[in-house]
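**Student:** next one to model:
(chains A, B, C and D)
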2 protein chains.
Amino acid sequence: MKYNTVLLNQYWTDIYFHLRYNHHDKISHQAVRILQLIEKRDSIGVGEVAENLEVSHNTASEHIKRLIEKGWVLKERSSHDERKVHLRLTKEGEKVLHRNSSLDEVKLKQILESLPIEDAENIFQSLQLLSECARR
Amino acid sequence: MKYNTVLLNQYWTDIYFHLRYNHHDKISHQAVRILQLIEKRDSIGVGEVAENLEVSHNTASEHIKRLIEKGWVLKERSSHDERKVHLRLTKEGEKVLHRNSSLDEVKLKQILESLPIEDAENIFQSLQLLSECARR
DNA sequence: AGATTATATCTTATAGTACGATATAAATTC
DNA sequence: GAATTTATATCGTACTATAAGATATAATCT
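**Tutor:** The predicted model follows:
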């Protein structure tokens, strides 16, 4: 069977375009990427951020400094190896990331509640399955 | 019935985090937003871009100038009203936007082909339905 | 003690973001 | 047809983001 990934992507981008948050955060491209990385990874340091964004370690260090100044990220030194840093999001950082990458929960709920239960459950199960495959 | 939109968003962001493109485009936050807006709207001018991004018209005009310089956007004057501008994406602009908002079609295809046909079809139909609801 | 690793800071350079003021040119109103 | 409105463009200015090389520091490993 041939799958129409082009059409699937059209659905995907339409959903995000129409259901995303209308926020007023002043946030840069790299800032969102770093926040995402920190949230999705169990434990991550400055070097791994640099590697992932494909920028130099000093650039990554500067980015993180700015995110800490904004109150979105916390830095902790590893107890085993005091050179290493563990990054994690603050509550505010989680909120900012949510507004910049998730679907608006009010809009989402309205749609789900307007659908027949089996359709809503299908959406839920489909995304669950796809996310599990995506994580390998 | 209560829907767990928080969990659904976790699936959503996991999917995008793991299946997005690893691109090397140097692109800013606002540039992606404007490209998306131009692609999703039938016809859009400078003023509407400004309104949508909630920036002043001169700022929007500057953004668009830069996108034109990069070869991602084309500007055409309306034939009915020569003051108005119609913006549209170039082929290259479409590609850049795709790499910055869509799911990697190779990764997506691999996953869909690894699933039972009814699961893949369910994913397809679920996203189709959700996108239709999102567009109203 | 010396090498390596992980991160931070300083300097410099370029691009992105934003807006007020002003300009232009087409369309509309009086 | 002169005055006004509308849509967009440009100029000047200011501040932030992005990036990397050079250098520094401090912990850990050999």
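**Student:** in stretch A:60-75, what's buried?
**Tutor:** A:60, A:63-64, A:67, A:70, A:72-73 (16 or more other C-beta atoms under 10 Å in any protein chain shown). In this view, the C-beta of every residue, glycine as well, is placed from N, C-alpha and C.
**Student:** next, format those residues as JSON lines and append secondary structure.
**Tutor:** Formatted as JSON lines, these follow (DSSP: H, G, I helix; E, B strand; the rest coil):
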{"residue": "A:60", "secondary structure": "helix"}
{"residue": "A:63", "secondary structure": "helix"}
{"residue": "A:64", "secondary structure": "helix"}
{"residue": "A:67", "secondary structure": "helix"}
{"residue": "A:70", "secondary structure": "coil"}
{"residue": "A:72", "secondary structure": "coil"}
{"residue": "A:73", "secondary structure": "strand"}
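**Student:** would CSV of those with distance to residue B:35 be doable?
**Tutor:** Below are these laid out as CSV (distance: C-beta to C-beta, whole Å):
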residue, distance to residue B:35
A:60, 26
A:63, 23
A:64, 28
A:67, 25
A:70, 26
A:72, 26
A:73, 28
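**Student:** quick one: the most centrally placed residue in chain A from DNA strand D, how far?
**Tutor:** By C-alpha atoms, centre = their mean, the mean C-alpha position of chain A lies nearest to residue A:36, the distance being 3.7 Å. For residue A:36, the distance to DNA strand D equals 13 Å [C-beta to the nearest atom of the strand, to the nearest Å].
**Student:** for that residue, which residues are in contact?
**Tutor:** Listed by C-beta atoms under 8 Å, 6 or more residues apart in numbering or on different chains, the contact partners of residue A:36 are A:97, A:101, B:13, B:17.
**Student:** one more time with 10 Å
**Tutor:** Going by C-beta atoms under 10 Å, 6 or more residues apart in numbering or on different chains, residue A:36 touches A:52, A:89, A:97, A:100-101, B:13, B:16-17, B:20.
**Student:** now swap in residue A:22 and tell me
**Tutor:** A:99, A:104, A:107, B:52, B:54.
**Student:** gap between it and DNA strand C?
**Tutor:** To DNA strand C, residue A:22 is 14 Å away according to C-beta to the nearest atom of the strand.
**Student:** for that residue, helix, strand, or coil?
**Tutor:** coil.
**Student:** just to revisit the earlier point, assumed the residue nearest to the centre of chain A was part of a helix.
**Tutor:** Yes. According to three-state DSSP, the state of residue A:36 is that of a helix.
**Student:** do you know how far it is from DNA strand C?
**Tutor:** Noted for residue A:36: a distance of 17 Å to DNA strand C, by C-beta to the nearest atom of the strand.
**Student:** mind checking how far residue A:38 is from residue A:16?
**Tutor:** Per C-beta to C-beta, to the nearest Å, residue A:38 is found 21 Å from residue A:16.
**Student:** tell me which of those two has more neighbours.
**Tutor:** Shown here are residue A:38 and residue A:16; by other C-beta atoms under 10 Å in any protein chain shown, residue A:38 has more neighbours (24 against 19).
**Student:** for that one, which non-adjacent residue is closest in space?
**Tutor:** Leaving out its chain neighbours, the residue that sits closest to residue A:38 by C-beta to C-beta, 6 or more residues apart in numbering or on different chains is residue A:87, at 5.0 Å.
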